[in-house]
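# Next comes the sequence, and after it the predicted model I'd like to discuss.
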Amino acid sequence: MIVAIDGPAGSGKSTVAHAIAGRCGLTFLDTGAMYRSVTLLCLRAGVDVSDAKAVASVEKDCSILFGSSASGQTVIVNGEDVTDQIRTPEVDRNVSAVSAVPAVRAALVDRQRQIAGSGDVVAEGRDIGTVVFPDAEVKVFLTADAKARAHRRAVQREGGDAARDASAAADAAQEARILEDLRRRDQLDSTRKESPLRPADDAVVIDSSDLTLEQVIQRVVDLMEAAR
Ligand code: C5P
């Protein structure tokens, strides 16, 4: 079975997909981590992210593998654990330019299909239901109000558990910066020419603004059971 979870930045896709993978025994595929990895390598090499050719050649030469540690999934790029480095604000600011390069998308989509192979997978990203796995048995478009998404991210960055404590406080200035970044990234991701962020025609839209993590997971599990 393939479960596709798409949606805007900070909608909780990773948390939900990771939980589904653990509970239902599916392989977890975080496609955003792959675009982030290429972005990190470009930034380190001083490659201009608006130079499509140079960015594509960085992607061509790199190896991206997923591993696991006690605290969750790890991302190994060219043999180095970059799990934390791919989540910096600098990578956040540059990843949409990298992911808009058609050659990078084509190559990463190939890699994603190879990783999935013929196994059971829950994949999350922006184009899973529309492009990567258009025949996925379950397609979810997970969204939430931009302010709710920014708040959850801010709580997470401060080490809190936003999924379990929606009322946790976060630094207001930091939250405002995160909100601005999320809006900018959503705008770029949903207006690009190549595989823009949008729900597949047959996706079920779940708005998690007023739902707990557990309620969202349960809805996805219900959809999986209905598709079996
Ligand atoms: O999901 P995450 O926030 O880690 O994704 C980072 C960025 O990678 C997105 O803002 C988007 O530009 C890009 N992305 C994409 N297609 C995917 C997954 C992520 O374009 N399937």
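Nice, I can see it.

# The least confident helix or strand in the chain by mean pLDDT - contacts with which helices or strands?
When each helix and strand of the chain is scored by mean pLDDT, DSSP states H and E, helix 146-157 comes last, with a mean of 90. Other helices and strands packing on helix 146-157, by 3 or more C-beta pairs under 8 Å, 6 or more residues apart in numbering; DSSP states H and E, are helix 172-191. All C-beta spots, glycine's among them, are computed from the backbone N, C-alpha and C.

# Need the residues that contact the helix or strand just after the helix it packs on.
The helix or strand immediately downstream of helix 172-191 is strand 204-207, counting by DSSP states H and E. By C-beta atoms under 8 Å, 6 or more residues apart in numbering, the residues outside strand 204-207 that reach it are 138-145, 199, 216, 219-220, 223.

# Now for these, which sits with the most neighbours around it?
In terms of neighbours by other C-beta atoms under 10 Å, those top out with residue 140 at 30 neighbours.

# Give the bridge partners for it, please.
residue 5, residue 204 (DSSP bridges).

# Up against the ligand, what does the chain have?
Residues of the chain that fall close to the ligand, judged by C-beta under 6 Å from any ligand atom: 9, 31-32, 35-36, 95-96, 99, 125-127, 185, 189.

# So among those residues, where is pLDDT lowest?
Ranked by pLDDT, those bottom out at residue 9, which scores 92.

# which stretches of the chain form strands?
Taking DSSP state E as the criterion, the chain carries its strands at 2-6, 27-30, 64-69, 72-77, 80-81, 121-125, 138-143, 204-207.

# Give me the distance between residue 218 and the ligand.
Applying C-beta to the nearest ligand atom, to the nearest Å, the value for residue 218 to the ligand is 22 Å.

# repeat for residue 219
For residue 219, the distance to the ligand (C-beta to the nearest ligand atom) stands at 20 Å.

# show me what contacts residue 195?
105, 126, 127, 130, 131.

# if we can go back for a sec, let me have the strands of the chain in TSV, extended by distance to residue 157.
TSV is the format used below for the strands of the chain (distance: least, C-beta to C-beta, whole Å):
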stretch	distance to residue 157
strand 2-6	22
strand 27-30	18
strand 64-69	20
strand 72-77	16
strand 80-81	20
strand 121-125	20
strand 138-143	20
strand 204-207	23
